[in-house]
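1. whatever this is, show me its structure:
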Amino acid sequence: MTEITFDQLLDARGLNCPMPVVKARKGVAELETGQVLKVVSTDRGSVKDFQGWAKIAKNVELVAQESGTEEDGRELFVHFVRRTA
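-> As a prediction, the model looks like this:
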């Protein structure tokens, strides 16, 4: 996975839709403008959820999304979200 600088980490592994985005909204609210939240999820649906949220939200930018596999074989989805306002 790519090294992207982030300011806060949110572990949303084990949570299903829509909880990774719900938790991320709360996490972004705690950031200052320009800071980046890294969200780690095991929910495949979170990829589209984060894309949709970034399109409609006025205060976030989806910087990057990555996927991989954990040691136990579970799929892992990582989202980097920047607070823009």
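2. C-alpha from now on. contacts and neighbour counts both.
-> OK.
3. phi first, then psi, for the residue lying farthest from the centre of the chain.
-> In terms of distance from the mean C-alpha position of the chain, residue 72 ranks first, at 21.1 Å (Cα atoms, centre = their mean). Phi and psi for residue 72, reported as degrees, to the nearest 10, are phi -80, psi 0.
4. so how far is residue 42 from it?
-> When distances are taken as Cα to Cα, to the nearest Å, residue 72 and residue 42 turn out to be 12 Å apart.
5. before we move on, what about residue 78?
-> Taking Cα to Cα as the criterion, residue 78 is separated from residue 42 by 9 Å.
6. can you tell me the element residue 52 falls in?
-> When elements are defined using DSSP states H and E, residue 52 is found to belong to helix 46-56.
7. show me what that helix packs onto, helices and strands only.
-> When contacts are defined as 3 or more Cα pairs under 8 Å, 6 or more residues apart in numbering; DSSP states H and E, helix 46-56 packs onto helix 19-29, strand 60-69, strand 75-83.
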